[in-house]
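**Student:** Model the structure of this input:
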Amino acid sequence: MEDQIEILLADDIAETRANIKKLINLEKNLEVVAEAVDGKDVIEQAKEIKPDIILMDINMPKIKGIKATEIITREVPETSIIMMSVQEEQDYLRKAMVAGAREYLIKPFSDDELITAINQVYDLEVERKSSLKQSREETEEAVEEKTISIFSSKGGVGKTLLATNLAVYLQQNKKGDVVLVDLDLQFGDLDVLLDLTPRITIADAVDELDNLNVQNIDDYLLSYENGLQVLASPLRPEEAEMINGEQIKKLLSILSEKFNYVIIDTAQSFSEHILAALDNSELILLIAMLDLSTIRNVRLCLEVMEELEYPEESIKLILNRYSKDIGISIEDLEENLNYSVDIKIPSNGSLTIDSINQGVPFILEEPRAKISKQLIKLTDLVTGEELKPEDKEGWFNKITDFLNN
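**Tutor:** Presented below is the predicted three-dimensional model:
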């Protein structure tokens, strides 16, 4: 037996409503449960009835059809909207789809076009809900949702490269879906490291923030080849000025609801955008190197984070570009910071430079390299998997280190 599809018919012309209703009543599985004569009326009835489908005329009195669609999509997400219009221009179609419409019918349409559109939109929504429910059940059993910020108050420490490879490996080999967010709003370059061409960015997502939800956030993301999703930084530096911390907080909330891992590549500052990210992160990966300038900045970072009352256990110190040839020892670093190094990422200039220039993450290009093996340990730290203790002074480790350097 077919499902009964409940329809709310919204058009300000009574004759049009009567003709469409007559066509719908010929189908046993379709039923017009209510009619609306203006945009305000359809919004109120949608909230009360929660129909499966709304047939919405684009030119409604009081509140236009596109605006009404935006509101209903946000407040009654379980209802699918089919827009009806005499306008054939692509601009109207684009605006309707951005607002949340699932289909766009040009008047006059045939009875076959109408019935086919209703059934297809309903079937797709049922399939989407079923898939989403199954995905959530599977991921809830397998993975806890986590938001991770990769941070440093000093540039040039390899933060973005680590964030990129971490996100790629998590998506490739761990359970759960991953989104990588470029929060260096003025000069972010995650797209370059993944050889992606941004067609839409975080600035566009913020512009539509009032209409943004778990169902349509994908429209603002770039897809990497292994399924990783990327939210790119603005195309122009001046666009960053239009984005505030509250907007970032709301955006991250939507992403964390949809994805198991939200990996944030931050800018090197304590701006309101970055504080919004850090405040909402379960884990902060603080990047350090073995030079005096970076160590001084890391110490200041730790002091600020202590003042902000970030839990000590949520801050992990990651030593990047580690080499025994550097004069400052890890022991001196830890003593100076009064903080233990959690992961050591070794220096490998040739591999990382090739990775950046080719737009291919080194974890995929050279998975057996020492730098890649330590990156895998970093993913284990992020996912909460137990790390194997290292015998720092053992002869076997010394020989292995010598052979790999």
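**Student:** Show me the domain layout of this structure.
**Tutor:** What automatic domain parsing lists as the domains of the chain is 5-134, 143-404.
**Student:** Compare those domains and say which comes out lowest on pLDDT.
**Tutor:** Least confidently modelled of the domains of the chain is domain 143-404, at a mean of 85 by mean pLDDT.
**Student:** about what we covered before: how about the domains of the chain in JSON lines, adding mean neighbour count?
**Tutor:** (C-beta placed from N, C-alpha, C; glycine too.) Output for these, formatted as JSON lines (neighbours: other Cβ atoms under 10 Å):
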{"stretch": "domain 5-134", "mean neighbour count": "18"}
{"stretch": "domain 143-404", "mean neighbour count": "18"}
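**Student:** wait, Val360 sits on Asp195?
**Tutor:** Yes: using Cβ atoms under 8 Å, Val360 is in contact with Asp195, at 7.1 Å.
**Student:** Please report how far Ile106 lies from Gly384.
**Tutor:** Ile106 sits 53 Å away from Gly384, taking Cβ to Cβ, to the nearest Å as the criterion.
**Student:** Repeat that for Asn336.
**Tutor:** From Asn336 to Gly384 the distance is 28 Å (Cβ to Cβ).
**Student:** for Asp291, same thing?
**Tutor:** 31 Å.
**Student:** do the same with Leu255
**Tutor:** The gap separating Leu255 from Gly384 is 20 Å, by Cβ to Cβ.
**Student:** ok, now which ones touch Ile263?
**Tutor:** The neighbourhood of Ile263, defined by Cβ atoms under 8 Å, 6 or more residues apart in numbering, consists of Ile148, Ile150, Ala163, Leu166, Ala167, Leu170, Val178, Val179, Leu180, Val181.
**Student:** Assumed the first one was part of a strand.
**Tutor:** Yes: under DSSP: H, G, I helix; E, B strand; the rest coil, Ile148 falls within a strand.
**Student:** In space, what's closest to it - neighbours in sequence excluded?
**Tutor:** Leaving aside its sequence neighbours, Ile148 sits nearest to Leu283 (Cβ to Cβ, 6 or more residues apart in numbering; 4.5 Å).
**Student:** Looks like the one you found contacts Leu166 (just checking).
**Tutor:** No: using Cβ under 8 Å, Leu283 is not in contact with Leu166; the gap is 11.0 Å.
**Student:** Identify the contacts common to these two.
**Tutor:** Residues touching both Leu283 and Leu166 (Cβ under 8 Å, 6+ apart) are Ile148, Val382.
**Student:** how near is the residue nearest to Ile148 to Gly39?
**Tutor:** Distance, Leu283 to Gly39, by Cβ to Cβ: 45 Å.
**Student:** Next: Ser85.
**Tutor:** According to Cβ to Cβ, Ser85 and Gly39 sit 14 Å apart.
**Student:** repeat for Leu317
**Tutor:** 55 Å.
**Student:** Also Ile345?
**Tutor:** Separation of Ile345 from Gly39 (Cβ to Cβ): 56 Å.
**Student:** now Ile376
**Tutor:** Using Cβ to Cβ, we find Ile376 at a distance of 54 Å from Gly39.
**Student:** For the stretch 201-350 of the chain, just list every one of the strands.
**Tutor:** Ranges of strands in the stretch 201-350 of the chain, per DSSP state E, counting those that start in this stretch, are 222-223, 229-231, 261-266, 283-288, 315-322, 341-346.
**Student:** Keeping just the C-alphas, turn the fourth one into PDB.
**Tutor:** Same thing as strand 283-288. Provided in PDB are the C-alpha atoms of strand 283-288 (Å, rounded to 0.1, in the frame of the first residue of the first chain):
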ATOM      1  CA  LEU A 283      40.500  19.400  21.700                       C
ATOM      2  CA  ILE A 284      43.100  22.100  20.900                       C
ATOM      3  CA  LEU A 285      46.200  21.000  19.200                       C
ATOM      4  CA  LEU A 286      48.800  23.700  20.000                       C
ATOM      5  CA  ILE A 287      51.700  23.600  17.500                       C
ATOM      6  CA  ALA A 288      55.300  24.200  18.700                       C
END
